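Peer 1: Mind looking at a prediction? Sequence and model below.
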Amino acid sequence: MPIQMVRTNPIEGQKPGTSGLRKKTAVFMRPHYLENYVQSTFDGIGGVEGKTLVVGGDGRYFNDRAIQVILRMAAANGAAKCIVGQGGLLSTPATSNLIRQRGADGGLILSASHNPGGPEADFGLKYNGENGGPATETMTDKIFAITKKLTDYKIAAASDIDLDVIGTSKIEGMEIEIADPVTDYATLMKSLFDFDKIRALFADGFTVRFDAMHAVTGPYAHAILEGMLGAAKGTVVNGVPSPDFGGGHPDPNPIWAKDLMDKMHGPVAPDFGAASDGDGDRIMILGRGIYVTPSDGLAVLAAKAHLAPGYKGGLAGVARSMPTSRAVDRVADVLGISCFETPTGWKFFGNLLDAGKVTLCGEESAGAGSDHVREKDGLWALLLWLNILAETQQSVAEIMADLWSTYGRCYYSRHDYENVDSDKANAVMDGLRAKLPSLIGTTVYGLTVEAADEFAYDDPVDGSRSTGQGLRIVFKAGARAVLRLSGTGTEGATIRIYLEQLEKDAEKLDLLPQDALADVCKAAMHLSDLVTQTGRSKPDVIT
Ligand code: G16
């Protein structure tokens, strides 16, 4: 079977965003589009000759076709072996685990995460390195630079591999192993959590509703929750991955997982609810009648992780992305451990985890994880919650009340303005950026600006600097507004406004979040001039 060297031209716009390259599926399916990006990735990581790669995705439309192309290209580029999830499926955290467990050199994850799937929807591809984590910004910059001058790519003329059958085969000299996507991951979870205690919780009648949103976590949740832990059949809903996620939007937030929200706030709600996203790294957590913001969820996990066997020695430190609320900082302070503030993007946690500076990290975008892998991990977070609930015998509402009364409550919400014309979105950011220095000391809607800057991050491990990571306006008395443009959208620009207000008054810990945040929201809208610049009067999504 000959190896072909295919002539190509550089394709514009193959710049990886917050988490790899995300585009419309139709764009990825254009001639040479995927191939160019894969070759640029291979070249950017110094070639794949003799290397072992893990390959898998969230099962969205084009997942299987893209994997066949990647395998033929890996073989043509001299890779020694590819380990592929059966059916082309691997959740993002399971991929990270497989890279680490098997000592692979890296992996390719096919997913556009929480974005919808299908021929009219979105597709994505990202590279994770040998530590199992997303490529660093230095690496993605290098890959992007190569896309701009690529002249050819290598691909083997081989027939398709059967991705559904466990076993090994070959393309050219490269071995392909089709592996069960769940087994190794489930073993890892068992090593971290007290499965006996969680099983006892279920045996006592504890009820969970887990919405896999027709995405990749279905098989993992069936095996672990209903299989290993004895949760009742039917605990996992929408548990069969489908190429278009059942026509839905696999984004676990109160808007897209509304059905779960309604059930958890209904008259016969289960004790615990959760939903995960397309590739299984995000999770939404709910208790009976209560929604846990991801920022608060991170604070709970930081405060109580020691109750699970995998973390009984305590945490080395914690990290959160800059827009994530400062609730976890308050916990870290009491625990006497470091709390790092990084730019948005899981890739920024990798060095901290590798260096042992942090054990736990998380983000407002519904991701939390630990040093067990180098990705955020939805099911891991769910299991840690269950372990905590089993140990404390408290309800989610009681856990939250404890958190707020101990540390104060960081009311928090994110307002997204989606598919805004890019020029208009940039005008909002440019206008506010220019104003920042003059804001300090001024008062807007009763809030006095204490600090205002554009966030830049100096990585304490490798010394790299990342600039332009969001505009922060910090007000006195614990209020904060952050504005940044999303790096994961595929249409126009998404403006994200992150609002936070600390409340320590015991009488005010049960307000509606949007009420508690009303002034900081008005201040952010006023200072950003968003309505005038974009013509938008209300957000598309409120989390
Ligand atoms: C990715 C990143 C996260 C980030 C999220 C949102 O998650 O890994 O670190 O918080 O995107 O990013 P943005 O605000 O730029 O849209 P995922 O789950 O989409 O891979």
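Peer 2: Yes, it's here. Residues are numbered from 1 along each chain as shown.

Peer 1: going forward, measure contacts between C-alpha atoms and count neighbours the same way
Peer 2: Will do.

Peer 1: State the number of residues packed around the residue of the stretch 201-350 of the chain found nearest the ligand.
Peer 2: Closest residue of the stretch 201-350 of the chain to the ligand, Cα to the nearest ligand atom: G345 (3.0 Å). Neighbour count of G345, defined by other Cα atoms under 10 Å: 21.

Peer 1: Identify each buried residue in the longest helix belonging to the chain, please.
Peer 2: Across the chain, the longest stretch assigned as helix under DSSP state H is helix 422-439. Neighbour-count burial for helix 422-439 flags 422, 424-429, 431-433, 436, 439 (criterion: 16 or more other Cα atoms under 10 Å).

Peer 1: isn't the residue of the stretch 201-350 of the chain closest to the ligand right up against G17?
Peer 2: No: at 9.1 Å, G345 does not count as touching G17 under the criterion of Cα atoms under 8 Å.

Peer 1: Could you check the pLDDT of the closest residue to D529 other than its chain neighbours?
Peer 2: Nearest residue to D529, sequence neighbours excluded (Cα to Cα, 6 or more residues apart in numbering): V428, at 6.8 Å. With respect to pLDDT, V428 scores 95.

Peer 1: Give me the distance between V428 and R536.
Peer 2: Separation of V428 from R536 (Cα to Cα, to the nearest Å): 12 Å.

Peer 1: okay, and the common contacts of these two?
Peer 2: Taking Cα atoms under 8 Å, 6 or more residues apart in numbering as the contact criterion, the common neighbours of V428 and R536 are L530.

Peer 1: re the thing from before, could you list the residues in contact with the longest helix of the chain?
Peer 2: 449, 452-454, 471, 473, 483-485, 492-495, 527-530, 533-534.

Peer 1: Point out the ones among these that are inside helices.
Peer 2: 527-528, 530, 533-534.

Peer 1: Let's have those in a markdown table, adding distance to I176.
Peer 2: Listed next are the ones in helices among the contacts of helix 422-439 as a markdown table, based on distance: Cα to Cα, whole Å:
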| residue | distance to I176 |
| --- | --- |
| L527 | 55 |
| S528 | 52 |
| L530 | 51 |
| Q533 | 53 |
| T534 | 50 |
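
Peer 1: neighbour-wise, which of the residues you listed leads?
Peer 2: L530 leads those on contacts (other Cα under 10 Å) with 23 neighbours.

Peer 1: now do the same end-to-end measure for stretch 111-121.
Peer 2: 12 Å.

Peer 1: Show me which positions of that stretch end up buried.
Peer 2: 111-119, 121.

Peer 1: between these, which is nearest the ligand?
Peer 2: For those, the nearest to the ligand is S113 (4.7 Å; Cα to the nearest ligand atom).

Peer 1: what about the closest one, distance to S422?
Peer 2: Distance of S113 to S422, given as Cα to Cα: 22 Å.

Peer 1: And for K233?
Peer 2: 47 Å.

Peer 1: tell me which parts of the stretch 101-250 of the chain are close to the ligand?
Peer 2: 113-114 (Cα under 6 Å from any ligand atom).

Peer 1: quick one, helices of the stretch 101-250 of the chain?
Peer 2: All helices of the stretch 101-250 of the chain, identified by DSSP state H, counting those that start in this stretch, fall at 137-147, 183-192, 195-203, 217-221.

Peer 1: Check the stretch 301-450 of the chain too.
Peer 2: 327-335, 350-354, 378-392, 396-407, 422-439.

Peer 1: Any chance of the ones you listed in CSV with distance to the ligand as columns?
Peer 2: Shown next, in CSV, are the helices of the stretch 301-450 of the chain (distance: least, Cα to the nearest ligand atom, whole Å):
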stretch, distance to the ligand
helix 327-335, 16
helix 350-354, 11
helix 378-392, 10
helix 396-407, 23
helix 422-439, 14
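
Peer 1: tell me the average confidence for stretch 120-132?
Peer 2: The model assigns stretch 120-132 a mean pLDDT of 96.

Peer 1: what do you get for stretch 529-543?
Peer 2: Computed over stretch 529-543, the average pLDDT equals 92.

Peer 1: And that stretch, what's buried?
Peer 2: For stretch 529-543, burial by neighbour count (16+ other Cα under 10 Å) applies to 529-530, 534, 542-543.

Peer 1: Return the member of these nearest to the ligand.
Peer 2: The nearest member of those to the ligand, counting by Cα to the nearest ligand atom, is T543 at 12.4 Å.

Peer 1: these two touch, right, that closest one and Y417?
Peer 2: No: look at T543 against Y417 with Cα under 8 Å: they stay out of range, at 11.9 Å.

Peer 1: Name the residues contacting each of those two.
Peer 2: Common contacts of T543 and Y417 (Cα under 8 Å, 6+ apart): none found.

Peer 1: Would you enumerate the residues in contact with G487?
Peer 2: Contacts of G487 (Cα under 8 Å, 6+ apart): 17-19.

Peer 1: which among those end up buried?
Peer 2: 17-19.

Peer 1: Would you mind checking which of those residues is nearest to G463?
Peer 2: T18 (19.8 Å; Cα to Cα).

Peer 1: Please report the distance of the closest one from the ligand.
Peer 2: Between T18 and the ligand the computed distance is 5 Å (Cα to the nearest ligand atom, to the nearest Å).

Peer 1: Nearest spatial neighbour of that residue, chain-adjacent residues omitted?
Peer 2: G487 (4.7 Å).

Peer 1: doesn't the one you found fall inside a helix?
Peer 2: No: counting by DSSP: H, G, I helix; E, B strand; the rest coil, G487 is not found in a helix; it is coil.

Peer 1: Which of the three states applies to L298?
Peer 2: helix.

Peer 1: Relative to H415, how far out is it?
Peer 2: In terms of Cα to Cα, L298 sits 20 Å off from H415.

Peer 1: These two: which has the busier surroundings?
Peer 2: In this view L298 and H415 are compared by other Cα under 10 Å, and L298 has more residues nearby, 30 against 18.

Peer 1: Below-threshold pLDDT in this structure: ranges please.
Peer 2: The chain contains residues with pLDDT under 70 at 1.

Peer 1: How is it divided into domains?
Peer 2: Following automatic domain parsing, one finds the domains of the chain at 3-181, 185-407, 410-542.

Peer 1: From the ligand, how far out is the nearest residue to I155 once chain neighbours are set aside?
Peer 2: Spatial nearest neighbour of I155, chain neighbours left out: M73 (4.3 Å); criterion: Cα to Cα, 6+ apart. Distance, M73 to the ligand, using Cα to the nearest ligand atom: 24 Å.

Peer 1: Give me the neighbour count for the residue nearest to D296 when sequence neighbours are not counted.
Peer 2: Spatially, and ignoring its direct neighbours in sequence, D296 is nearest to A327 (6.2 Å; Cα to Cα, 6+ apart). Residues near A327, counting by other Cα under 10 Å, number 25.

Peer 1: if I read this right, A327 contacts P294, doesn't it?
Peer 2: No: the criterion here is Cα under 8 Å, and A327 misses it with P294 at 10.3 Å.

Peer 1: any idea where the strands of the stretch 1-150 of the chain begin and end?
Peer 2: With strands called from DSSP state E, counting those that start in this stretch, the stretch 1-150 of the chain shows them at 3-7, 21-24, 52-57, 81-89, 106-110, 122-128.

Peer 1: Just put those in TSV and tack on mean neighbour count.
Peer 2: TSV is the format used below for those (neighbours: other Cα atoms under 10 Å):
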stretch	mean neighbour count
strand 3-7	13
strand 21-24	24
strand 52-57	27
strand 81-89	25
strand 106-110	28
strand 122-128	25
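
Peer 1: Switch the ones you listed over to CSV, and while doing so, append distance to S96 to every line.
Peer 2: Below are the strands of the stretch 1-150 of the chain laid out as CSV (distance: least, Cα to Cα, whole Å):
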stretch, distance to S96
strand 3-7, 30
strand 21-24, 18
strand 52-57, 9
strand 81-89, 12
strand 106-110, 8
strand 122-128, 8
